[in-house]
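J.: Sequence and predicted structure, then a few things I'm wondering about:
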Amino acid sequence: MLSDRSKILYIFVLIQSLLFLSAQPIYAGTGIISMNEDRDLVRIHDHVITLQELVSFAKVAPNFYGYLQVPGGPEIILEAMIWRNLFILEGRDRGIPEPTEDEGGKELYVLRVKRKILPAFSPLTEADVRRFYTEHPEEFSSPLMLRVSQVKVFIRNGNEAQARKQIEDAFKALDSGQPFEEVARQYSEDAFSKERDGDLGFIPMENIDPPELEQTLRSLAVGRISDIVRVGHAFAVYKITDRRNPVLDPYDQVSDPARKKAGQYRKKEALNRLRKELEAKWGVTYLDPEFRPKGR
């Protein structure tokens, strides 16, 4: 049995833990949101998913809770909730029996509906796999490797104007012909690359995030300097100093993974088609621009 003192200590620690969790930020897109905040995120048919519903869902789902503190994670949670709602709506409309909570509840029901309405796939033929290999060479090639140098200035204490002025001064120095290495040593605030005259080494482009930065780097010819780029809470200027182009692996060496990837791709395409059909039938409207996928 716990003593009265131990009980009080236990309750105190529990309350502190709950307060800590409720105060944690949510990283949605490029913005930081308090867990205590609420807003309407998306409407599915006649139901609106709110931020607090998303937080509550994530807190009781071990696979999702960690996503609340990861940039882009809340959007992943929201997409899972949209799928969940669409499957439940479609299952009920088709009269698919719903299990009780003791039998598995809504989670089992979602899986049951998904299995019921997804099309059955015939086995992949050798021709199917070879076609996938031919049409998706990027899946079986070494990544494009670019040797990148940077001058990076951080936005500190929200002082964006000061950071922009510093990166603009660096850009003017580069534009006037001052060597990139000297400018990096003089202006850059990234300790790792500054010590190496701005050099970041070879970077596989498949690891670059956000996609806009990847596009910027891919578009640069060797020796060229980028415009000023906003990257998270920093401004940067980049230079490509070397390039290693992708090399396609022979089919005979990748036939097994090609078969696996072809199957995964086919399933993904089927899910995309199903998503469009269910959205057209039930209606999905994003209400918060912070959570709206690109192109929506």
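T.: Looks like it arrived, so ask away.

J.: residue boundaries of the strands in the stretch 51-200 of the chain?
T.: For the stretch 51-200 of the chain, the strands defined by DSSP state E, counting those that start in this stretch cover 145-154, 199-204.

J.: Single out the most deeply packed of the ones you listed.
T.: Most buried of the strands of the stretch 51-200 of the chain, by mean neighbour count (mean count of other C-beta atoms under 10 Å): strand 145-154, with a mean of 22. For the C-beta atoms, the positions are set from N, CA and C on the backbone; glycine is no exception.

J.: could I get the strands of the stretch 51-200 of the chain as TSV with mean pLDDT and distance to Ser219?
T.: Listed next are the strands of the stretch 51-200 of the chain as TSV, based on pLDDT from 0 to 100; distance: least, C-beta to C-beta, whole Å:
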stretch	mean pLDDT	distance to Ser219
strand 145-154	95	11
strand 199-204	93	15
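
J.: Would you mind telling me which of these is nearest Asp227?
T.: strand 145-154 (12.3 Å; C-beta to C-beta).

J.: Sheet partners, orientation included, of that closest one?
T.: Neighbouring strands of strand 145-154 in its sheet, by DSSP bridges, are strand 199-204 (antiparallel), strand 234-244 (antiparallel).

J.: Out of these, the one nearest Thr100 is which?
T.: strand 199-204 (49.3 Å).

J.: Taking strand 234-244 as reference, get the angle to the helix or strand that that closest one is followed by.
T.: As assigned by DSSP states H and E, the chain's next helix or strand after strand 199-204 is helix 211-219. On the basis of axes from the mean of the first three to the mean of the last three C-alpha atoms, to 10 degrees, helix 211-219 is oriented at 40 degrees to strand 234-244.

J.: so how far is helix 211-219 off the chain centroid?
T.: Once both centres are worked out by C-alpha atoms, centre = their mean, to the nearest Å, helix 211-219 turns out to sit 16 Å from its chain's centre.

J.: Just the residues contacting it, thanks.
T.: Residues outside helix 211-219 that contact it (C-beta atoms under 8 Å, 6 or more residues apart in numbering) are Leu144, Leu146, Val148, Ile203, Met205, Ile208, Ser226, Val229, Val231, Tyr238, Ile240.

J.: Throw the strands of the stretch 51-200 of the chain into TSV and include distance to Leu89, thanks.
T.: Output for the strands of the stretch 51-200 of the chain, formatted as TSV (distance: least, C-beta to C-beta, whole Å):
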stretch	distance to Leu89
strand 145-154	46
strand 199-204	41
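
J.: closest to Phe121 out of these?
T.: Taking C-beta to C-beta, strand 199-204 is the member of these nearest to Phe121, at 31.9 Å.

J.: Show me the one of the strands paired with strand 145-154 that comes nearest Lys267.
T.: strand 199-204 (26.1 Å).
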